[in-house]
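Participant: Turn this into a structure:
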Amino acid sequence: MKNLHEYFLNNSGRVIHKWLHYLDIYERHFQKYAGKKALIFEIGVYKGGSIQMWKDFFGDGATIVGIDIDPACSQWAEPERGIYVEIGDQSDAAFLDSVLEKHGRPDVVIDDGSHVMSHLRATFGHLYPRMKDEGTYLAEDLHCCYWADYEGGLKAPGSFMELVKEKLDEINAVHVRGALPYEFARQTDSITAYDSVVVFEKRPQGRRMHLQTSGMGILPDYIDL
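Facilitator: Numbers count the residues shown, from 1 in each chain. A predicted model of the protein is given here:
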């Protein structure tokens, strides 16, 4: 298993800026893609260090696509190593579509971009349904959800954290008997919340089965998503 702590703390290359507790979260949710031909989108390139870290972690078969609005970030691309940088606005659906058309549907999306609430919501709303059917979407630095200068605030209606709370209801939509849309529940296995990080695990959902067992045998009942 690749050790991100070791890489991060011994980094002698380009600047990487991360909260230390994120590294455990990354390893927990991303290890299953390491060593495979995974497509990774990281929104927010900054000084170029993290896209190098992801290449090391995910391995030679992985393709890393950094997305940033700053044209200066283009210098960090290394196409010969499978590291690309696309310049554009993360909240622009047409731009995101151009990235998807060029590189394909990602296995992993890491949103470490502007942290502005409207941008977080727009990016998630557009990319999450267009990821691979089994993928992982991680949004970080969500302490910004509580700060007014990022369009946030505690229980602010436009906060990304309020969107997360809505999705917690939607993942249980089948149990509220038609009051909520089912689509998110059909494609989502889990939502995991940490300090400043939320992870959405995509996996197609189908039949839910619950059982009664006794000496009379097994009595199943089903709910189809």
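Participant: Mind jotting down where the strands sit in the protein?
Facilitator: Taking DSSP state E as the criterion, the chain carries its strands at 39-43, 63-68, 83-87, 108-111, 136-139, 188-194, 197-202, 207-214, 217-224.
Participant: Adding mean neighbour count and distance to L96, write those strands out as a markdown table.
Facilitator: Glycine gets a C-beta too; all of them are placed from N, C-alpha and C. Output for the strands of the chain, formatted as a markdown table (neighbours: other Cβ atoms under 10 Å; distance: least, Cβ to Cβ, whole Å):
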| stretch | mean neighbour count | distance to L96 |
| --- | --- | --- |
| strand 39-43 | 25 | 9 |
| strand 63-68 | 25 | 8 |
| strand 83-87 | 20 | 9 |
| strand 108-111 | 24 | 10 |
| strand 136-139 | 24 | 13 |
| strand 188-194 | 15 | 20 |
| strand 197-202 | 20 | 17 |
| strand 207-214 | 9 | 32 |
| strand 217-224 | 9 | 32 |
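Participant: can you redo those as CSV with distance to M117 and mean pLDDT?
Facilitator: Shown next, in CSV, are the strands of the chain (distance: least, Cβ to Cβ, whole Å; pLDDT from 0 to 100):
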stretch, distance to M117, mean pLDDT
strand 39-43, 14, 98
strand 63-68, 18, 98
strand 83-87, 22, 98
strand 108-111, 12, 98
strand 136-139, 11, 98
strand 188-194, 17, 97
strand 197-202, 13, 98
strand 207-214, 33, 73
strand 217-224, 34, 64
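Participant: any chance of those in a markdown table, with distance to F8 too?
Facilitator: Shown next, in a markdown table, are those (distance: least, Cβ to Cβ, whole Å):
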| stretch | distance to F8 |
| --- | --- |
| strand 39-43 | 15 |
| strand 63-68 | 16 |
| strand 83-87 | 18 |
| strand 108-111 | 15 |
| strand 136-139 | 16 |
| strand 188-194 | 17 |
| strand 197-202 | 16 |
| strand 207-214 | 40 |
| strand 217-224 | 43 |
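Participant: Quick check: which of these is nearest to V164?
Facilitator: Comparison of the strands of the chain against V164 by Cβ to Cβ identifies strand 197-202 as nearest, at 5.3 Å.
Participant: Tell me the bridge partners for Y84.
Facilitator: Per DSSP bridges, the residues bridged to Y84 are V65.
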